[in-house]
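Student: I'll drop the sequence and a predicted model, then ask my questions.
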Amino acid sequence: MKVIPFQVPKTGQEAFRLQQEVLPYFYDRLHHHSETQIMLIEKGEGTLIAGDYVGRFNAGAVYLIGSGQPHVFRCDESYYNSRNKKNVQSTALYFDERYAGENFWQLHELKDIRQFLSKAGILRVEGTTLPEVTSLLHQITQAQKTNRLILFLQLLHVLAQSKNLKRLSVAPLQSSQLEEDKRMNDVLQFTFRQSNRKIKISEVASVASLSSEAFCRYFKIRTRKTYTNFLNELRVSNACRLLIEGEPNIQSVCYQVGFQNLSHFNRQFKRVTGKTPSKYLQQLLPHTTG
């Protein structure tokens, strides 16, 4: 499975590129592009891997993904079953200095926005800013000509001034050659498929065609975290999905997602989400005692 720098189609006569898509599932290869991306999930859910972040995404979420940040919106397995007839929908804006021209982005009036984008990393829009940004994205899809550009700049202004942005990852991870992108995607694809069982480091290292020691160094350099931490975070993401879908038995969830020990599951769940599984479930279902 190869990953190449993602090419965003554009006409060369626009300040930004707007894409609205309806697909069986989102593009499921780890990829990056030079453009900054503002992504509204209209429909769909799964696991977002972005920079060194691993977590759930759901319908209604909005993310800002900075230039060069590796990311993948990996849908839940149910989206890969054609019998379910599920699909995903998104509205996304892509832009960088090549679109409107470098002189445009160097305007003094855009200084605050330019500084914000240069440090953005990967952000999730939250709080009162979320409905405001969602509304602006929808307005942009209907606007024409000058109004479209005005709304785009208003959107960037809102984001640059907002205090309701959660930083998920800071700086772009180490860039790599095509062969290294392929190696990482093979590792991710294997992990997505096999995370519900015990995985030995030697096993995943063989997928990457590396020794166990070399693989551990490689993965830490590429992701800023150990493979074990990444695997645990992916399992916690899957556990959150099961709890959201109505599975009330925490012990059953623990073993379904691949943990071998309930106390270890509880510790990892709290490390990742800030809550114990029982507290998380209690907030989903207030009448449930856990």
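Tutor: Great, that's in hand.
Student: Show me what the residue nearest the centre of the chain is bridged to.
Tutor: Relative to the mean C-alpha position of the chain, the nearest C-alpha, by Cα atoms, centre = their mean, is the one of L48, at 3.1 Å. Following DSSP bridges, L48 is listed with bridge partners G55, F73.
Student: what's near enough to touch it?
Tutor: The contact partners of L48, taken as Cβ atoms under 8 Å, 6 or more residues apart in numbering, are 54-57, 63, 71-74. Yep, even glycine has a C-beta here, placed from its N, CA and C like the rest.
Student: Outline the domain layout of the protein.
Tutor: 17-169, 178-284 (automatic domain parsing).
Student: Now render these as TSV, adding mean pLDDT.
Tutor: Below are the domains of the chain laid out as TSV (pLDDT from 0 to 100):
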stretch	mean pLDDT
domain 17-169	92
domain 178-284	92
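Student: re the thing from before, looking at the contacts of L48, spot the one nearest P131.
Tutor: Nearest to P131 out of these is Y63 (Cβ to Cβ; 15.4 Å).
Student: I'd like the distance between the closest one and S202.
Tutor: 35 Å (Cβ to Cβ, to the nearest Å).
Student: and what of A160?
Tutor: Distance check for A160 against S202: by Cβ to Cβ, it reads 47 Å.
Student: So those two - more neighbours on which side?
Tutor: With neighbours defined as other Cβ atoms under 10 Å, A160 and S202 compare such that A160 has more, 17 against 10.
Student: Do I have it right that the more buried one meets I113?
Tutor: Yes: between A160 and I113 a contact is recorded at 4.9 Å, counting by Cβ atoms under 8 Å.
Student: doesn't A208 make contact with V187?
Tutor: Yes: judged on Cβ under 8 Å, V187 makes contact with A208 at a distance of 5.4 Å.
Student: quick one: which of the two has more around it?
Tutor: The residue with more neighbours, out of V187 and A208, is V187; 23 against 19, by other Cβ under 10 Å.
Student: So which residues of the stretch 1-150 of the chain form helices?
Tutor: Applying DSSP state H, counting those that start in this stretch to the stretch 1-150 of the chain gives helices spanning 97-100, 102-105, 111-118, 129-142, 145-161.
Student: Would you convert those helices into JSON lines that also reports distance to H264?
Tutor: As requested, the helices of the stretch 1-150 of the chain are exported to JSON lines (distance: least, Cβ to Cβ, whole Å):
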{"stretch": "helix 97-100", "distance to H264": "47"}
{"stretch": "helix 102-105", "distance to H264": "48"}
{"stretch": "helix 111-118", "distance to H264": "40"}
{"stretch": "helix 129-142", "distance to H264": "34"}
{"stretch": "helix 145-161", "distance to H264": "39"}
